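S.K.: I'd like to go over a predicted model; first the sequence, then the structure.
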Amino acid sequence: MSGHVARASSVRRNFMDGNFELAPLDLAFAPLPGRRDAPDASVWLDASFSVYTPALLEPPLRTHEKIGDYQRFESDAQCVGYLSAISSRLIHVCRGSWKFASIPDLRASRQAASAINASLRAGLPDTHGILNWSLNLAKNLGNSQVRSRTDNAWVGGKKPSEAWLVLPQADQLPSLLKNLEDLLQGKSAQPVNCAFFEAIAYQIICIHPLSDTNGRVTRTLLINLAGRYRNFYPLYIAHCLVFAKQRTGQTWMHASLTATSRNLSNSEAWLDQIKLILQKISDLATAGLDPRALWSLLSYGYVSVETLSAGKNACSPALAAKIMGRLPALLEQEQGIFYSAELEILIMGIDRSINKDSYEIE
């Protein structure tokens, strides 16, 4: 099982060995060090790497966050809903070696639109367990062949020696997933803070329970957790995993090996960018943009009769046509669709806010 190509082509080693030289990110969670084992000869032919098994999540989770950090990201249900729609679009459009070139690159294709709707309907794995929830979601995202993964699995690279992460054997999954479910369902004594959401994402990435689609499942879970807790922080982590997946993994691993925290400001820059996006959304709503058109704009990057007739706030074709008739005064038009260039440029700025160190170097 191989993952997507990393942003930095010069990086080659397993990020769980802490060998990367990428700039760290502004993250809070400091995982307990996991276990590195030599590969089982009955499973692996090669031996030039280590298999990484994450430590169980034990409260209180180690964290570098300060008092009030989590509260900075609190918001109301409407604003979280707006940003969740944008985030669902990003996780299905910005994949692999994808890069921004122009505004149309951010628009959802028909296949991506279906996956976006599935993500927003996915809910949380409260009753059926993480594995079943993840399998069902992956299938709803369009991966009909997905299954629980096998022993010889890794993330990134064409072979395990090039991988970001070589995964623990499948017989470790039940205990690791049960431990994660206890945290997710509030059965442990862990308070809800920044580290809580990071730990969930970190652990799923390290477990990688599915044969494919683990990344989008993880980010979908974070998006829906943001809705439950009315907090933007899970969306910050989801965006880090979209635009700086490799740096995110490295930052967690370095944090597991050192007790020192870094004075970084990626999350502040990200939150400032989110406030600009929300202000633009508010301006559009105040100007009279129909809520169904706004939802389409956020979820898919444009408004058309087709997008208005699908998704969360679907309306009839006749009503969709009526709404479309009001859009020329509010949005730009291009080949039968409407969009907001200013909004899309602000959304493109999310990447820059997270990777501001790289852009500053340039």
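M.R.: Nice, thanks for sending it over.

S.K.: any idea of the pLDDT on the residue nearest to Phe29 when sequence neighbours are not counted?
M.R.: Among residues not flanking Phe29 along the chain, Glu198 sits closest, at 3.5 Å (C-beta to C-beta, 6 or more residues apart in numbering). Heads up, the C-betas are built off the backbone N, CA and C, glycines and all. Looking at Glu198, its pLDDT is 98.

S.K.: burial of Glu198, as a residue count?
M.R.: 28 (other C-beta atoms under 10 Å).

S.K.: Same question for Phe49.
M.R.: The burial count for Phe49: 23, using other C-beta under 10 Å.

S.K.: I'd like the distance between it and Ala170.
M.R.: 18 Å (C-beta to C-beta, to the nearest Å).

S.K.: could you show me where the strands are in the stretch 51-200 of the chain, in order?
M.R.: 51-53, 154-155, 165-166 (DSSP state E, counting those that start in this stretch).

S.K.: cool, and the stretch 201-350 of the chain?
M.R.: Ranges of strands in the stretch 201-350 of the chain, per DSSP E, counting those that start in this stretch, are 332-334, 337-339.

S.K.: Which among these is found nearest to Pro39?
M.R.: Closest approach to Pro39 among the strands of the stretch 201-350 of the chain is made by strand 337-339 (49.5 Å; C-beta to C-beta).

S.K.: list the contacts for the residue lying closest to Gly311 once chain neighbours are set aside?
M.R.: Once flanking residues are discounted, Gly311 sits nearest to Asn117: 5.1 Å by C-beta to C-beta, 6+ apart. For Asn117, the contacting residues are 299, 310-312, by C-beta atoms under 8 Å, 6 or more residues apart in numbering.

S.K.: Okay, domains of this protein per the record?
M.R.: Domains of the chain are assigned by automatic domain parsing as 15-106+121-264, 270-351.

S.K.: Could you take those and lay them out as a markdown table, with extra columns for distance to Asp357?
M.R.: Listed next are the domains of the chain as a markdown table, based on distance: least, C-beta to C-beta, whole Å:
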| stretch | distance to Asp357 |
| --- | --- |
| domain 15-106+121-264 | 4 |
| domain 270-351 | 12 |
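
S.K.: closest to Ala113 out of those domains?
M.R.: domain 270-351 (5.5 Å).

S.K.: now this structure, which segments are flagged as low pLDDT?
M.R.: The model of the chain has pLDDT under 70 over residues 1-21, 96-98, 259-262, 358-362.

S.K.: Look up how far Val305 lies from the residue of it most remote from its centre.
M.R.: Computed with C-alpha atoms, centre = their mean, the residue of the chain farthest from its C-alpha average is Ala318, at 35.6 Å. To Val305, Ala318 is 10 Å away according to C-beta to C-beta.

S.K.: what ranges do the helices span in the stretch 201-350 of the chain?
M.R.: Here the stretch 201-350 of the chain has its helices, by DSSP state H, counting those that start in this stretch, at 214-229, 233-243, 245-257, 266-286, 291-300, 305-308, 317-324, 341-354.

S.K.: Return the most buried member of the strands of the stretch 201-350 of the chain.
M.R.: strand 337-339 (a mean of 22; mean count of other C-beta atoms under 10 Å).

S.K.: returning to what we had before: looking at the strands of the stretch 51-200 of the chain, which is closest to Glu344?
M.R.: strand 154-155 (30.4 Å).

S.K.: for the closest one, packing partners?
M.R.: When contacts are defined as 3 or more C-beta pairs under 8 Å, 6 or more residues apart in numbering; DSSP states H and E, strand 154-155 packs onto strand 165-166.

S.K.: Distance from the strand it packs on to the middle of the chain?
M.R.: 19 Å (C-alpha atoms, centre = their mean, to the nearest Å).
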